[in-house]
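**Student:** With the sequence up front, the predicted model follows.
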Amino acid sequence: MKNKKDIFKRLRETDAIVLREMAFFLTIILSISLLYCYLFAPITVEVTIRSTPEQPQDIQKEELVSDQEFVQLFYARLNQPYLQKHSEMIKIKAGKSTYRFNLYRKFIDTLLMSRKLRLDPIPYPGQIDLTKITIKQTGYIPIIIDGRNHFELIRPKNDIRKMERTPKKLILHASGRDPQLEMIIRPENINFDYLFLLKLIFSVLIMGSILYFLLSKVLNENEFIYVPYFLVFILALIFSTSSITQLIHLDEVVHVGAAEYYQKHWIPPEICSPETRQTYSVAGVSRLDNFEAAYFFSGKLSKLLTFLKIKRFQRFRYFNILLFLILTVLSIKIIEFRILTLPLLISPQVWYMFTYFNSDGFALFIIIVISYQVIAESSMTNIYLNSNETSKNKLVRPLLVGILFSFLLLTKLNYYIFIVFLFLVFLKKLILKEYPFPKRAIKRVGVIILISAAVFGVRWGIDIGVNGINRNAKRLECRIKLAKPFYNPATPLKMRFPLKNLKERHVPLKQLFSKYNWGWKTFLHSFGVYYTQPRAKLGYYKFIMVVVLFSCVYLTTSILRRFKLDQILLLMIVVFCSTLLVVLSLWNSWTANFQAQGRYLFPILVMIGFLMSETLSNYNKKIINLIF
């Protein structure tokens, strides 16, 4: 009888734990939903308007609308001036009466923040029939301005001779070529949509509960089993895209030109040699002048694929596809690879990077493979550092490990941050005595460094043999010779591309954020800005921002609350290296070439995967699965 009572007691305790976890899970979903709806959701303004210019009667109606005529909406805070960059223009079309504007705010935005709107309805004198203006944001009752509602919010600002109010519309008579209407929206004009709030809570309770039980079906022995499935889907997506698309990215032409050189050659060319002219960009820069190994390997793979009669660009694109395929296959059986590739699921910008040929895909592949070597106990690197070597592997294993780590020196410069990251991780392990034989580990890491340096030294020596020791002077001379005047370093600064050398132009660093929107553009370019399609709708980016912010807070608090020194130090290393990479990217945009490129920051994704793998026990698996 006592055993039976104990069983029921344990069952009740288990049920209580499940209920608490489920309540926490639903709270997370509801918090993200409320945060997005009431603070991040885009604000839209719909204007229903018709205009009649003061024109002779013999001119046809279609002729009154030219290619240069727009309806324009400006928006600003009450204490700010109207700026062109904070406006949206929509071309006037004959027969069209409703125009929809998105109020483009970068981060947090809500109707509860006071703002003013200025509508420039027509660029000519005439009559304006304003039927309705609707201002909407998810979670709030729309503000409808028409002949009957909120008429007091509208006031003439410029070139409006007369305003008439009727039950159905406002009639305005414009006296000049720049008529303007202003609307002041204050918090007291805004009302919460409580019905929407109830629907949202009800939906979260129903759909969130279903999602919770679906995620609970992911068995512990098959943790993150969905990762390889998603990677297979992405693989099919990027393979089909790379196979059927002619031009995916403008820079691909010079990337392909650089790799094409290695179809016929084994050593790097002389800088500015005639046979490599097609590899130089308009700025007089060739990828062949760098020490990146991606072009050599892709060139050799392309040589093999020429026998299959595959098109030129596709031959080189399939190099990145092959790398992604290897990661997908490794994630099927190896849990560490699932966790390391997990952050690749959060951004289609990563997938896009693998659709066209570039050297970023190879660099990302290398740091993922090296991360596995560091975190997996059974990896070749950890076996070498932590155990006695047999005579069979005494030379082979360190040689293979050293060659693998040498590729960190033969990738893009922004991936060098991973060398700093690995060095700090190694120091952390030494300080906390995580190696069973610390002195042996130090010696063997020294061997790995020597082998890596030797491989890089061979590459450097070949280059010296071809180009001599003054390669930087030769590169500058080549840039002056081949670059277009707009990008040429010999061109006077004022006549060069305006987004180059901003520091030299005495542009303050803070203007990179206030004037050039570096932070916001970098975020956009991290989550979906492509050569063929500029961006998705604003709401997508804002929703992703909410999820990213929540994820960072959740990962950080989950580690800090356990208060384990090794995990906190690893978190600090990831934060430090990530911040350093962002600062270096910002510095490059300020001093050299303004490029708010999210792909420069992709090493952060792998560092986060590294952190998650080392601190996995801290997290609620259902929350992690929900996030990704």
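**Tutor:** Cool, got the structure. Numbers count the residues shown, from 1 in each chain.
**Student:** what about Val547, neighbour count?
**Tutor:** 16 (other Cβ atoms under 10 Å). The C-beta positions use only the backbone N, C-alpha and C, and glycine is treated the same way.
**Student:** Is it located within a helix, as I assumed?
**Tutor:** Yes: assessed by DSSP: H, G, I helix; E, B strand; the rest coil, Val547 belongs to a helix.
**Student:** how close does it sit to Arg397?
**Tutor:** Per Cβ to Cβ, to the nearest Å, Val547 is found 41 Å from Arg397.
**Student:** same check, this time on Leu560
**Tutor:** 37 Å.
**Student:** Show me which of those two is the more surrounded one.
**Tutor:** The neighbour count for Leu560 versus Arg397, taken as other Cβ under 10 Å, is higher for Arg397 (17 against 13).
**Student:** so the more buried one is in which element?
**Tutor:** helix 396-406 (DSSP states H and E).
**Student:** mind showing which ranges of the stretch 101-250 of the chain have poor pLDDT?
**Tutor:** Along the stretch 101-250 of the chain, segments meeting pLDDT under 70 span 105-107, 217-222.
**Student:** how about the helices in it?
**Tutor:** 194-215, 226-244 (DSSP state H, counting those that start in this stretch).
**Student:** For the residue most central in space within the chain, list the residues it contacts.
**Tutor:** Centroid-nearest residue in the chain, with Cα atoms, centre = their mean: Ser526, separated by 1.0 Å. Residues counted as contacts of Ser526 (Cβ atoms under 8 Å, 6 or more residues apart in numbering) are Ser347, Gln349, Gly598, Arg599, Leu601.
**Student:** need the residues you listed in a markdown table with pLDDT, can you?
**Tutor:** What follows is the contacts of Ser526, written out as a markdown table (pLDDT from 0 to 100):
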| residue | pLDDT |
| --- | --- |
| Ser347 | 91 |
| Gln349 | 92 |
| Gly598 | 88 |
| Arg599 | 90 |
| Leu601 | 94 |
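**Student:** any idea how far Leu512 is from Pro343?
**Tutor:** 26 Å.
**Student:** what does Leu605 give?
**Tutor:** For Leu605, the distance to Pro343 equals 4 Å [Cβ to Cβ].
**Student:** go on, Pro438?
**Tutor:** Pro438 is 31 Å from Pro343, by Cβ to Cβ.
**Student:** do Ser406 as well
**Tutor:** For Ser406 relative to Pro343 (Cβ to Cβ), the value is 25 Å.
**Student:** Ok, Lys439 next?
**Tutor:** 35 Å.
**Student:** do Gly139 as well
**Tutor:** On the measure of Cβ to Cβ, Gly139 and Pro343 end up 30 Å apart.
**Student:** same check, this time on Met545
**Tutor:** Using Cβ to Cβ, Met545 is found at 16 Å from Pro343.
**Student:** more crowded one of Lys439 and Pro343?
**Tutor:** Remark: of Lys439 and Pro343, Pro343 carries more neighbours, 22 against 9, as counted by other Cβ under 10 Å.
**Student:** wait, the more buried one sits on Leu611?
**Tutor:** No: using Cβ atoms under 8 Å, Pro343 is not in contact with Leu611; the gap is 10.0 Å.
**Student:** got any residues that touch both of the two?
**Tutor:** By Cβ under 8 Å, 6+ apart, no residue touches both Pro343 and Leu611.
**Student:** ranges for the strands of this structure?
**Tutor:** 43-53, 70-76, 87-91, 98-103, 115-120, 126-136, 143-146, 154-158, 160-165, 170-174, 180-185 (DSSP state E).
**Student:** Walk me through which strands the fourth one pairs with, and which way each runs.
**Tutor:** Based on DSSP bridges, the strands next to strand 98-103 in the sheet, each with its direction, are strand 43-53 (antiparallel).
**Student:** Quick check: buried residues in the strand it pairs with?
**Tutor:** Ile43, Thr44, Val45, Val47, Ile49, Arg50, Ser51, Pro53 (16 or more other Cβ atoms under 10 Å).
**Student:** got a list of what the first one touches?
**Tutor:** Contact analysis of Ile43 by Cβ under 8 Å, 6+ apart lists Asn102, Leu103, Arg105, Asp109, Leu111, Ile135, Lys136, Gln137.
**Student:** mind redoing it with 6 Å?
**Tutor:** Leu103, Gln137 (Cβ atoms under 6 Å, 6 or more residues apart in numbering).
**Student:** And the fifth one, by the same measure?
**Tutor:** Contact criterion Cβ under 6 Å, 6+ apart gives Pro121, Leu130 as the residues in contact with Ile49.
**Student:** how many neighbours does Gln180 have?
**Tutor:** Around Gln180 there are 19 residues (other Cβ under 10 Å).
**Student:** ok, the nearest residue to Phe365 once chain neighbours are set aside to Val369 distance?
**Tutor:** Once flanking residues are discounted, Phe365 sits nearest to Leu323: 4.3 Å by Cβ to Cβ, 6 or more residues apart in numbering. Distance of Leu323 to Val369, given as Cβ to Cβ: 10 Å.
**Student:** between these two, who's got more neighbours?
**Tutor:** Just comparing Leu323 and Val369: by other Cβ under 10 Å the higher neighbour count belongs to Leu323, 21 against 18.
**Student:** Give me the distance between that one and Trp460.
**Tutor:** Taking Cβ to Cβ, one finds Leu323 at 25 Å from Trp460.
**Student:** what about this protein, any weak spots by pLDDT?
**Tutor:** 1-17, 53-68, 94-96, 105-107, 217-222, 389-393, 532-535.
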